[in-house]
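> everything below, folded, please.
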Amino acid sequence: MILFDLFKKRTSIESNQLDKQKKREIISRMHMKLINSFCPREREIWEGAIENTYKLDFNGTKLIEERAIVSRNLLLQLLKKEGKIRKKFEEEKRIFEEGQIKKGLQLFEGKWIKNEEIPKLKAIKIDLDNNFQNISPSDFERLIANLFTAMGYETKVTKQTRDFGIDVIAKKQGKTIAIQCKKYREGNPVGNRDIQRILGAMQLKSVKATHSILITTSHFTVQAEEQAKECAVELWNKEILHTLIKKYLMQIE
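Numbers count the residues shown, from 1 in each chain. Model prediction:
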């Protein structure tokens with residue numbers, strides 16, 4: 001690429017035959033043609049790093065050519081140096097990525113994850129974006145069990161025919177949590193009737209829960225929130241659920 005060919009062509013017009021204004025017009029056109037021939041990065045370097053090196057001199061075209069040649073050499077040096085830095089960075093990046101791949105890792109959502117975990121995480125992300133409307137209630141209950149497992153609990157999904165309102169039981173350090181899952185659409189809030197139901201179920205001998213959590217993909221009515229403040233029921237709405245899934249199952253926040 002020849003950036004300064006325009007300056008190598010000397011004008012045949014003698015200086016004494018042109019007034020100063022005419023010279024300025026000629027030099028200005030030469031300068032604009034030069035700048036327009038630059039790619040964006042060359043123009044950025046030209047306007048920044050060598051701004052003080054190349055200055056238009058309207059006293060004659062010869063001096064302009066000499067300064068243009070000096071500026072071209074500097075510009076090419078800067079581009080060459082930048083190219084070496086970029087090449088070194090790309091090489092280091094390639095070596096690092098190859099090392100991660102050899103370890104059985106794959107880049108997912110900006111993080112390196114084990115290959116066998118990628119399908120599960122992708123499935124979770126897709127359903128998360130749809131607020132889990134594409135999975136069945138039983139699959140949603142298993143997802144909640146997986147969430148608590150990732151949080152360090154021993155979990156068990158109860159039988160659907162005898163769950164008494166409890167879908168998952170989670171245990172850790174002597175604490176037993178009865179969990180009820182409500183996969184509702186937004187705009188369909190969970191009421192206080194479900195709170196009363198889980199309060200009764202957590203006292204069953206087969207459960208003996210010390211705590212209870214009511215989880216929904218929607219929100220709760222004002223009455224449900226008020227009742228929950230007076231009893232041992234923790235409420236997880238859509239926002240809380242999404243945050244915890246991203247943190248413990250997807251490791252992206």
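> use CA for all of it now, contacts and neighbours both
OK.
> okay, the helix or strand containing Ala170 in PDB with CA atoms only?
Using DSSP states H and E, Ala170 maps to strand 168-172. The C-alpha coordinates for strand 168-172 follow below in PDB (Å, rounded to 0.1, in the frame of the first residue of the first chain):
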ATOM      1  CA  VAL A 168     -38.900 -31.100  47.100                       C
ATOM      2  CA  ILE A 169     -37.300 -31.800  50.500                       C
ATOM      3  CA  ALA A 170     -33.800 -30.400  51.100                       C
ATOM      4  CA  LYS A 171     -31.600 -31.200  54.100                       C
ATOM      5  CA  LYS A 172     -28.400 -29.600  55.300                       C
END
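> name every strand pairing with that strand and say which way it goes.
strand 154-157 (antiparallel), strand 175-182 (antiparallel) (DSSP bridges).
> first-to-last residue distance for stretch 225-234?
Using C-alpha to C-alpha, to the nearest Å, one end of stretch 225-234 lies 9 Å from the other.
> number of residues surrounding Ala150?
For Ala150, the neighbour count with other C-alpha atoms under 10 Å is 15.
> check contacts around it.
When contacts are counted by C-alpha atoms under 8 Å, 6 or more residues apart in numbering, Ala150 touches 248-249.
> try it again at 10 Å.
By C-alpha atoms under 10 Å, 6 or more residues apart in numbering, the contact list for Ala150 reads 144, 245, 247-249.
> and Lys175, by the same measure?
Here Lys175 is in contact with 153, 208-211 (criterion: C-alpha under 10 Å, 6+ apart).
> kindly report the same for Ile144.
Counted by C-alpha under 10 Å, 6+ apart, Ile144 has contacts 138, 150, 155, 157, 167-168, 179-181, 215, 241, 245.
> residues touching the residue nearest to Met202 when sequence neighbours are not counted, list them.
Leaving aside its chain neighbours, Met202 sits nearest to Ala209 (5.1 Å; criterion: C-alpha to C-alpha, 6 or more residues apart in numbering). Contacts for Ala209 were tallied using C-alpha under 10 Å, 6+ apart; they are 169-171, 175-179, 199, 201-203.
> kind regards, and thank you for your time.
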